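Chemist: please work out how this folds:
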Amino acid sequence: MADSQVRIKQSTVPKRDPRKHQYEKNKCHKKLRRLVGEALTDFNMLSEGDKVMVCLSGGKDSYTLLDMMLSFKQHAPINFDVVAVNLDQKQPGFPEQVLPEYLSDLGVPFDIIEQDTYSVVKALTPEGKTTCPVCSRLRRGILYSHAQRIGATKIALGHHLDDVVETLLLNMFYGAKLKAMPAKLRSDDGRNILIRPLYYCRESLIGRWSEFQRHPIIPCNLCGSQDNLQRQVIKQMLAGWDATHPGRVDNIGRSVNNVTLSHLGDRQLFDFDALQADTSRIDVTEIG
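Modeler: As a prediction, the model looks like this:
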């Protein structure tokens with residue numbers, strides 16, 4: 001009796017309409033392509049003959065970045081090459097076979113850089129401090145050097161609109177700076193150009209696409225357990241705004257691209273000392 005009841009319950013569970021699923025997936029892909037295309041165009045991210053090194057971490061953002069760059073490689077009006085690069089930092093338990101198998105099946109050229117930065121980060125980070133600053137500096141140096149070795153003309157990173165807004169607020173709240181993440185950047189040594197094609201994309205949209213694609217997500221065990229990071233606090237604040245004030249985070253992101261220097265206070269960027277009244281104008285009350 002119990003088995004028959006179970007079978008009845010299972011049979012009454014509505015199945016997901018595959019056509020609706022495909023429609024939603026196509027809709028998500030179309031929106032991502034539109035936003036990425038706008039970023040690529042607005043910031044002149046790609047040029048004919050570029051070799052784009054896509055930095056692949058194993059997270060949803062970098063998987064989506066790779067998907068988008070391969071899509072544009074196929075359909076863009078210019079020719080460019082894509083190579084995926086992963087830095088295996090030798091974190092304990094890192095599933096080192098996942099990315100090579102995934103990239104081989106995808107048919108994209110790739111390099112896996114094996115370097116034990118995990119031990120270095122742990123050794124250099126004081127107890128109770130976040131590992132991100134040391135880890136990011138080491139990663140940057142290794143990836144920049146590899147880009148030079150393989151002749152990459154652009155380095156593509158998977159940062160998105162939420163990252164831009166989080167960085168802006170972090171710099172305001174904790175650094176007293178009005179500074180975010182640029183869509184395109186020349187590295188400090190001047191040898192590399194970094195691009196962020198997901199610059200206009202919300203993290204939620206990227207998450208939906210990653211679910212549709214069933215990306216084999218690899219969590220970062222080095223910093224993922226640090227729950228008290230300032231960025232996590234900002235993330236929670238943005239999530240609250242999305243729930244209570246939809247569109248606010250998007251507006252903050254757009255404001256980074258719509259700056260009025262005369263209405264801020266940076267004296268190095270705007271010459272306040274030179275401001276003078278325009279005495280050449282005639283007041284309408286003076287006529288007649």
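Chemist: what ranges do the helices span in the stretch 151-288 of the chain?
Modeler: Counting by DSSP state H, counting those that start in this stretch, residue ranges of the helices within the stretch 151-288 of the chain are 161-175, 203-213, 230-244, 248-255.
Chemist: got a markdown table for these, with mean pLDDT too?
Modeler: Formatted as a markdown table, the entries for the helices of the stretch 151-288 of the chain read as follows, by pLDDT from 0 to 100:
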| stretch | mean pLDDT |
| --- | --- |
| helix 161-175 | 95 |
| helix 203-213 | 97 |
| helix 230-244 | 93 |
| helix 248-255 | 96 |
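Chemist: out of the ones you listed, which gets nearest to Arg19?
Modeler: With Cβ to Cβ as the criterion, Arg19 lies closest to helix 203-213 of the helices of the stretch 151-288 of the chain, at 14.3 Å. Yep, even glycine has a C-beta here, placed from its N, CA and C like the rest.
Chemist: that older thread, in JSON lines: the helices of the stretch 151-288 of the chain, plus mean neighbour count.
Modeler: Converted to JSON lines, these look like this (neighbours: other Cβ atoms under 10 Å):
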{"stretch": "helix 161-175", "mean neighbour count": "19"}
{"stretch": "helix 203-213", "mean neighbour count": "18"}
{"stretch": "helix 230-244", "mean neighbour count": "14"}
{"stretch": "helix 248-255", "mean neighbour count": "16"}
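Chemist: for these, give me TSV that also has distance to Val98.
Modeler: Formatted as TSV, the helices of the stretch 151-288 of the chain follow (distance: least, Cβ to Cβ, whole Å):
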stretch	distance to Val98
helix 161-175	24
helix 203-213	14
helix 230-244	25
helix 248-255	31
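Chemist: for Met69, find the nearest of the ones you listed.
Modeler: With Cβ to Cβ as the criterion, Met69 lies closest to helix 203-213 of those, at 13.6 Å.
Chemist: outside of that closest one, which residues touch it?
Modeler: Applying Cβ atoms under 8 Å, 6 or more residues apart in numbering, the external contacts of helix 203-213 come out as 24-25, 28-29, 31-32, 35, 60-61, 63-64, 67, 160-163, 198, 217, 242.
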